[in-house]
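> Just to be clear, the model below is a prediction. Sequence and coordinates:
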Amino acid sequence: MKSLKLIVLPLALAVLTGCAVGNQYDYRAASVSLPLAGSGELGIGVIDNRSYVLDGDKEADFIGLQRGGFNNPFDVTTASGNSLTQDMSESLEVALRNSGYTVTGLQIASADSAAVTAAVTESGMARNIVLTVTDWKTDIYMNMTLQFDLLLEVITKQGDTVASSQMQGEETLSGAGVGASRNSRTASAAFETKIGRLFNDPEIIAALAN
Amino acid sequence: MKRLLNLIQAGLVLALATGCVNTELTSDIDPSADLVGLETFYVAKFGPDERGVEAMIAAELNAMGKTATSGVDPKPTSPVDAVVTYEDRWMWDITMYMLELSIDLRDPETNYKFATGRSYRTSLARKDPEEMVTEVLSEIFGVATEGEEE
């Protein structure tokens, strides 16, 4: 009887957790292609403004949820172990370099305007790109959904916003399935698309033109 | 007890059978993109593809009245309105079949992806690769056409 319990318990645990535990996605693998080409120096900063991170409910490396067989949620985190915004920043830096710019990362403590102004002033660069992530969370059970709220701004070294582009919403992502690597690719592809669309704004393109 | 076993058995068979029939056909177009105005295309071969899907895509674009060429180089040798990239995935079930095809339209200058389409068909819903190419391109350009009409 005891041996039966030994078999049943791990089985029950496996059914409850399935492939849901310990998933990690890699946003550094995102291959973002921006709708612009230019040159010159740019500062780039990504701010984590997610309420569930700011209030300490989730760690900065939290990306979203993977649900087990009974809809029980498990956290998905970054494959790098770094914060989500750091991974996003790395991906953006690569994209901007590919578009012809010389890029320097900015450390911005919060979305507070004083903190942003202090960071861009310290950078000394005439143009700075600041991406504020107010929401970015995937949730996968039968499908993968993405909640997002992003604000992209081009800010001068005086702290003035000269262009901005924003998007928010919730949508079901096509391409997710069984397996963390596939879901990681789906999530990073969504990031590629969203960032490309944010930059594909006439105001942003004009502000980053030479 | 026998009835319960029959129910479980039927449920398992149903789950296994329906698991083999799964399709998805989706597209995502940048709202600012004018797909109707695109006339010339270059289809860049996807590195791992050894089945000539790039030629199928170019042939279908030509059949749609566009002008398309294909090749192994990532960039076209002459100017085009859009570069087409794609990824195909294949699976084996008695025979090999195309499980998934995604096609992207990109700006030739910046490589910006302004339109994407994807078809996913499991074994019992399988189609010939040419048909999957057709349905993905129809989905991309169909959506664009509907957007134009609104």
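In hand now; what should we look at?
> Near chain B, which residues of chain A are found?
A:33-37, A:98-99, A:174-175, A:192-193, A:196-197, A:200 (CB under 8 Å from any CB of the partner chain). In short, each C-beta sits where N, CA and C put it, glycine included.
> Can you add pLDDT and give these back as CSV?
Below are these laid out as CSV (pLDDT from 0 to 100):
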residue, pLDDT
A:33, 90
A:34, 94
A:35, 94
A:36, 92
A:37, 89
A:98, 94
A:99, 93
A:174, 76
A:175, 71
A:192, 92
A:193, 92
A:196, 95
A:197, 95
A:200, 95
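> Tell me the buried residues within those residues.
Neighbour-count burial within the residues of chain A next to chain B applies to A:33-37, A:99, A:174-175, A:192-193, A:196-197, A:200; the criterion is 16 or more other CB atoms under 10 Å in any protein chain shown.
> closest to residue B:54 among the residues of chain A next to chain B?
Lowest distance from residue B:54 to the residues of chain A next to chain B (CB to CB) belongs to residue A:33, with 19.2 Å.
> Please identify the nearest residue in space to the closest one, excluding sequence neighbours.
What sits nearest to residue A:33 in space, not counting adjacent residues and going by CB to CB, 6 or more residues apart in numbering or on different chains, is residue B:111, at 4.1 Å.
> quick one, phi psi at the nearest residue to residue A:102 once chain neighbours are set aside?
What sits nearest to residue A:102 in space, not counting adjacent residues and going by CB to CB, 6+ apart, is residue A:41, at 4.8 Å. As for residue A:41, its main-chain torsions (degrees, to the nearest 10) stand at phi -90, psi 140.
> and residue A:46, what element?
In the assignment (DSSP states H and E), residue A:46 maps to strand A:41-48.
> buried sites along the helix or strand where residue A:189 lies?
Here residue A:189 sits within helix A:180-199, counting by DSSP H and E. By neighbour count with 16+ other CB under 10 Å, helix A:180-199 contains the buried residues A:180, A:183-199.
> Check stretch A:133-145 too.
A:133, A:134, A:135, A:136, A:137, A:138, A:139, A:140, A:141, A:144, A:145.
> OK, contacts around residue B:71?
For residue B:71, the contacting residues are B:42, B:43, B:44, B:45, B:54, B:77, by CB atoms under 8 Å, 6 or more residues apart in numbering or on different chains.
> pretty sure the fourth one is touching residue B:69, no?
No. Counting by CB atoms under 8 Å, residue B:45 stays clear of residue B:69, with 11.5 Å between them.
> between those two, what contacts are shared?
With CB under 8 Å, 6+ apart, residue B:45 and residue B:69 have no common neighbours.
> For residue B:55, give me its contacts.
B:43, B:70.
> meant to ask about residue A:76
Contacts of residue A:76 (CB under 8 Å, 6+ apart): A:23, A:24, A:25, A:62, A:63, A:64, A:65, A:66, A:138, A:140.
> Please apply the same query to residue A:153.
A:129, A:130, A:131, A:132, A:161, A:163, A:164, A:165.
> And the pLDDT for the residue nearest to residue A:33?
Looking at residue B:111, its pLDDT is 93.
> can I assume it sits in a helix?
No. Under the criterion used here (DSSP: H, G, I helix; E, B strand; the rest coil), residue B:111 is coil, not part of a helix.
> That one contacts residue B:82, correct?
No. Under the criterion of CB under 8 Å, residue B:111 is not in contact with residue B:82, lying 10.9 Å apart.
> Quick check: next helix or strand after the host helix or strand of residue B:41?
Residue B:41 belongs to strand B:40-44 when assigned by DSSP H and E. Remark: after strand B:40-44, the chain's next helix or strand is helix B:53-63, criterion DSSP H and E.
> Next secondary structure after that following helix?
Heading C-terminal from helix B:53-63 (DSSP H and E), you reach strand B:67-71.
> In the helix or strand following that next one, which residues are buried?
Next helix or strand after strand B:67-71 toward the C-terminus (DSSP H and E): strand B:82-93. Judged by neighbour count using 16+ other CB under 10 Å, the buried positions of strand B:82-93 are B:82, B:83, B:84, B:85, B:86, B:87, B:88.
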